[in-house]
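[1] Return a 3D structure for these sequence lines:
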Amino acid sequence: MQKRRSKKRKKANRIPPSTFIIFFLMVLLSAVGLDYIGWKNGKKSYLFSSLATKKRALLSQEAPPSQEPLPSQEALDQIVIKSLTLLKIPYDSNQQYRDKKGVLHLMIELPLEKYKELESMLEKEFNKVSASVQEREEQLGAEKNYYLWQVKGKGKQRLSILFASQKEKIKAELPSRRARNRVAIIIDDMGYSLRAINDICSLNKPLTISILPYSPLAKEIARIAHQNKLEVMLHLPLESVNSQGGNHIEGIVLSQMSEEGILNTVEANLDQIPYVTGVNNHMGSKITPDKNLMSIILGPLRERNLFFIDSRTTSTSKAYNVAQALGIPSTYRNVFLDGENREGYIKGKMIELFRLAQRKGEAVGICHPTERTLRVLRENFHLVEKYNIEPVFASQLTK
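    Below you'll find the predicted structure:
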C-alpha cells in the first residue's frame, strides 16, 4: 500500500514537455523583442542589423543610386557637351539659345575631322537614351561645311544642332581697283534655308542679307553670314495695305499698336538677330507713308547706331525722309531684281541696276533667295567689270 502511494506521488510531480516548449518560446520571443527594441533605439542588434544590411544590398542591385540618373534621364544637350569634352573640343566653340517653342539650339564650331569623330560618337550616345537624328541637312561651302541636325528624344525632348566645320581658308575675292560707281545688293527673306546662305557665301562678294525675325534658322544664318564676312540686317515686318495673310507674320508692327507696343516689338525683333548692323522693311505699305509711326519705329535704330534702308514697297513711303530727319544713316531701294521669277527678267533687272549705278554713281537692288535668282547672280555678277561697278555692302551707300 505504501509503495503504491509513493509511485503516485512521483507521477504527480513530473512536469509535462509542453510546459518546456511554451517556456522556450516565451524566452525566444522576449529575446527577439529586446533585440528589436535595441535596434530601433540605435543600439547593437544581432538579428535586425543583419536583415537590414541584406535588404539594402538587394535594393542596391535592383536600382541605381538616386544621385546617378539612368541614361534615359540625361538631357540631350548634356550628351553633346560631354562628347565635346571627350574629343577635347573647347567649350567656347558651343553657342546656344532656346526658341519660343522651347527647342534648344546648339551652334558648334569644330574642325572637319573632329566633326566626323563626333558624328559617330553622338549617334551611339543618342541611341543609348532612345534618341535619334530625325532630319539632317548638309551644305558644303567653299570655306566651311554646315551640318544641321534635328534630334528627337523621349517625350518632348528636342534639340537642334548646327555644326560649322572649318575648311582650308580661301582668300576673299577683292576688286583689283577702286571703281568710281558702286552698287549694293540686298537679299531679303532670309532665315529659312541653309542651302541659300551657303550659295550666297560661295559667291564671295560683299552682299547684304536681311533676315526675318522668328524665322526658324535666323540665328544660325546670321552667324554663318557673319563668319563669311557678309553684312547682316533685320528684315522688319510692317503692316501692309493689301497682304492680309502677311499681316499675321510673327513680329509684325501694326498701325493700331500703342507707342509702347511698337517699341517693344521693334526691340524684340532686333534681339532676334545676332550681328545685326542695319534694318530694312518687309512689306509696310500701310506704315511707311505715316511719318509719326516711322518716327517711333526708327527710334530704337538711332539708339543702337544702326542704318536703315527704305525698301520702297510703296511710292508714297516717307520712311527714308524720316530716317534722314532723325540723323540715321540711310538710303533706299532703286530696283527690285526678281519681281518676276524668270531668269531673263532677273538678268535684265541686274543690268538695269548696274546702268543706274553708272548714271547716279551708286544704286541699291533687292532680291530674294530663290534658286533661280541666286543662279542668275552667280552667272552674271561678272558684269560689274563691264559696267565699271564696285559691289559694296548696303551700309556703304547710306548717308
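[2] bridging residues for Gly365?
    Ile185, Val335 (DSSP bridges).
[3] From Thr373, how far off is it?
    11 Å (Cβ to Cβ, to the nearest Å). Where you see a C-beta, it was placed from the backbone N, CA and C, and this is true even at glycine.
[4] before we move on, what about Gln324?
    30 Å.
[5] Of the two, which one has the most company?
    Thr373 (21 against 15; other Cβ atoms under 10 Å).
[6] element containing the more buried one, please.
    Using DSSP states H and E, Thr373 sits in helix 371-380.
[7] what sits up against that helix?
    Residues outside helix 371-380 that contact it (Cβ atoms under 8 Å, 6 or more residues apart in numbering): 185, 196, 199-200, 203, 337-338, 341-343, 346-347, 350, 367.
[8] Apply 7 Å and report the result again.
    196, 199-200, 203, 337-338, 341, 343, 346-347, 350, 367 (Cβ atoms under 7 Å, 6 or more residues apart in numbering).
[9] buried sites along that helix?
    373-374, 376-377, 380 (16 or more other Cβ atoms under 10 Å).
[10] Could you let me know which of the residues you listed ends up closest to Asn127?
    Nearest to Asn127 among those is Leu374, at 37.5 Å by Cβ to Cβ.
[11] what pLDDT does the closest one get?
    For Leu374, the pLDDT comes out at 97.
[12] gap between it and Arg359?
    From Leu374 to Arg359 the distance is 27 Å (Cβ to Cβ).
[13] quick one: the strands in the stretch 1-150 of the chain?
    Taking DSSP state E, counting those that start in this stretch, the strands of the stretch 1-150 of the chain run over residues 94-98, 104-111, 132-140, 144-152.
[14] Any chance of those in a markdown table with distance to Glu260, mean pLDDT and mean neighbour count as columns?
    Output for the strands of the stretch 1-150 of the chain, formatted as a markdown table (distance: least, Cβ to Cβ, whole Å; pLDDT from 0 to 100; neighbours: other Cβ atoms under 10 Å):
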| stretch | distance to Glu260 | mean pLDDT | mean neighbour count |
| --- | --- | --- | --- |
| strand 94-98 | 26 | 87 | 14 |
| strand 104-111 | 30 | 91 | 19 |
| strand 132-140 | 39 | 90 | 13 |
| strand 144-152 | 37 | 92 | 19 |
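[15] and Asn269, which of the ones you listed is closest to it?
    Of all these, strand 94-98 comes closest under Cβ to Cβ, at 15.2 Å.
[16] What helices and strands are in contact with the closest one?
    strand 104-111 (3 or more Cβ pairs under 7 Å, 6 or more residues apart in numbering; DSSP states H and E).
[17] From the chain's centroid, how far away is the strand it packs on?
    9 Å (Cα atoms, centre = their mean, to the nearest Å).
[18] and that strand, C-alpha only, in PDB?
    Output in PDB follows, covering the C-alpha atoms of strand 104-111 (Å, rounded to 0.1, in the frame of the first residue of the first chain):
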ATOM      1  CA  LEU A 104      17.200  74.300 -77.600                       C
ATOM      2  CA  HIS A 105      19.600  75.200 -80.500                       C
ATOM      3  CA  LEU A 106      23.300  74.500 -80.300                       C
ATOM      4  CA  MET A 107      25.800  76.000 -82.700                       C
ATOM      5  CA  ILE A 108      29.200  74.300 -82.600                       C
ATOM      6  CA  GLU A 109      32.400  75.300 -84.400                       C
ATOM      7  CA  LEU A 110      34.900  72.500 -84.900                       C
ATOM      8  CA  PRO A 111      37.400  71.100 -87.400                       C
END
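[19] Compute the inter-axis angle for it and strand 144-152.
    150 degrees (axes from the mean of the first three to the mean of the last three Cα atoms, to 10 degrees).
[20] The residue positioned nearest the centre of the chain: what's its closest spatial neighbour, skipping adjacent residues?
    Here the mean C-alpha position of the chain is nearest to the C-alpha of His105 (Cα atoms, centre = their mean), at a distance of 2.9 Å. Spatial nearest neighbour of His105, excluding adjacent residues (Cβ to Cβ, 6 or more residues apart in numbering): Ser160 at 4.6 Å.
[21] Gly361 too?
    Gly361 sits nearest to Asn181 (Cβ to Cβ, 6+ apart), 5.5 Å away.
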